[in-house]
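# Predicted model and sequence below, questions to follow.
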Amino acid sequence: MPALELRFELGGLHLPRLGLWLDPRRPVTGPERVVVSHAHADHTAPHREVILSAPTARFLRARRGGSRVEHVLAFGETRVFDGPEGAYRLRLLPAGHVLGSALTWIAAGGETLLYTGDFKLRPGRAAERCAPCAADVLVMETTFGRPEFCFPPEDEVMAGVIRFCRETLAEGRTAVLLGYSLGKSQEILARLAGAGLPLVLHEQVYRLTSIYAEFGLTLPAFERLEAGNGRGKVVLCPPAASRATLEQQLGPLRCAVLTGWALDPRCRFQYGADAAFPLSDHADFPDLLRLVERVNPRQVLTLHGFAADFAAALRERGREAWALSESDQLTLALGDPVRIGPVPATA
């Protein structure tokens, strides 16, 4: 069996011959190690021993607390770890998703693997630029893995956001921008530099933005949201913030949600917002294709989002590609569809 044998379990990847997990969504408390690609809640759990970047370690302490054995790697540093069936080499590279987010390169048994976690090739202003490398096997997240997901230029999107804010303030209302407290809010904040807007941050956003400053990111001036200081300004809030509560605190307002799902015209209604703008910290469909070309792997395995759709699109382009996180089928010219590809962990 190959040293890089892969299983999809616990919502993440397990390499049993290395005693290593990649982003499992349930706790790993035994002797095996876990790579945490970034500090979003759907990629973390209270694991016993983790491998991660310095910003991710800092965010975990702020968001989860607790204690764990931490192997903090600088980007580009290669570390050798001992697994149950021999040593393997591991390197973290910038993923471009949020500050500290990492691609994971692993070498064992004469083969190499690159695992993306969430990533974005387009350069952002609040995260390190994505830096993939060649590998034999590419395991990639495919959140926006359909051709209809092609994001417009960020400067064009933000011009619309700034116009929304100025129009809202001119009406005597508060402009509320909804974006995830880790990553999206800081990207919005960085892209509002120079717009001359009065900026106020919700408590969750403020706490994490302060950590960005610890790592040297320069951002425009902002205030922490407190009683009475947000009215008539631009307030950055997490999407889960209650509109009714915000209206009590901020008076008349208009909300805009910033997400890649804004390409769907139903998005603003789903978030209860007045407007939606397609600003994403994920790769769109063209970027997913570009990553495959840059890594040039022998095999591609897809995870999450539209995993089966994107794997099929790669096969149409002559790549060997299979979905790990959902059923994958090859439709033959005659007869019934036959399922082929990776054997699921439960088989």
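Structure's in. What do you need?
# R294 and P132 touch, don't they?
Yes. Counting by Cβ atoms under 8 Å, R294 touches P132, with 5.3 Å between them. Every residue, glycine included, has its C-beta placed from N, CA and C.
# So those two - more neighbours on which side?
P132 (22 against 15; other Cβ atoms under 10 Å).
# so what pLDDT did that one get?
Here, the pLDDT recorded for P132 equals 98.
# so what's it up against?
L93, L103, L114, T116, F119, L291, R294, V295 (Cβ atoms under 8 Å, 6 or more residues apart in numbering).
# And the residues you listed, which is closest to C255?
F119 (28.3 Å; Cβ to Cβ).
# Of the contacts of P132, which belong to helices?
Members of those lying in helices (criterion: DSSP state H): L291, R294, V295.
# how near is the second one to F119?
Same thing as R294. Look at R294 and F119: by Cβ to Cβ, to the nearest Å, they are 11 Å apart.
# Helix, strand, or coil at the nearest residue to A227 once chain neighbours are set aside?
Leaving aside its sequence neighbours, A227 sits nearest to Q249 (Cβ to Cβ, 6 or more residues apart in numbering; 7.2 Å). Under DSSP: H, G, I helix; E, B strand; the rest coil, the three-state class of Q249 is helix.
# Surely Q249 and E226 touch.
No. Counting by Cβ under 8 Å, Q249 stays clear of E226, with 9.5 Å between them.
# which of these two has more neighbours?
Q249 (18 against 11).
# Phi and psi next, for L189.
Backbone torsions for L189, taken as degrees, to the nearest 10, come to phi -60, psi -50.
# can you pull the contacts of it?
L189 neighbours (Cβ under 8 Å, 6+ apart): A126, L199, L201, T209, L219, P220, F222, L236.
# What about the residue nearest to E77 when sequence neighbours are not counted, how many residues nearby?
Excluding the flanking residues, the one nearest E77 by Cβ to Cβ, 6+ apart is R91, at 6.7 Å. For R91, the neighbour count with other Cβ under 10 Å is 20.
# Repeat that for C267.
18.
# likewise R63?
Neighbours of R63 (other Cβ under 10 Å): 17.
# Please enumerate the helices of the stretch 101-250 of the chain.
All helices of the stretch 101-250 of the chain, identified by DSSP state H, counting those that start in this stretch, fall at 154-170, 184-191, 203-214, 243-250.
# Pull out the buried residues from the first one.
Looking back up the chat, that one is helix 154-170. E154, V157, M158, V161, I162, F164, C165, T168, L169 (16 or more other Cβ atoms under 10 Å).
# what's the answer for the third one, then?
When neighbours are counted by 16+ other Cβ under 10 Å, the buried residues of helix 203-214 are found to be Q204, V205, Y206, L208, T209, I211, Y212.
# who does it touch, helix- and strand-wise?
Packing partners of helix 203-214 (3 or more Cβ pairs under 8 Å, 6 or more residues apart in numbering; DSSP states H and E): helix 54-63, helix 184-191.
# Looking at those helices, which one is packed in the most?
helix 184-191 (a mean of 24; mean count of other Cβ atoms under 10 Å).
# Run the angle between it and helix 203-214 for me.
Relative orientation of helix 184-191 versus helix 203-214 (axes from the mean of the first three to the mean of the last three Cα atoms, to 10 degrees): 60 degrees.
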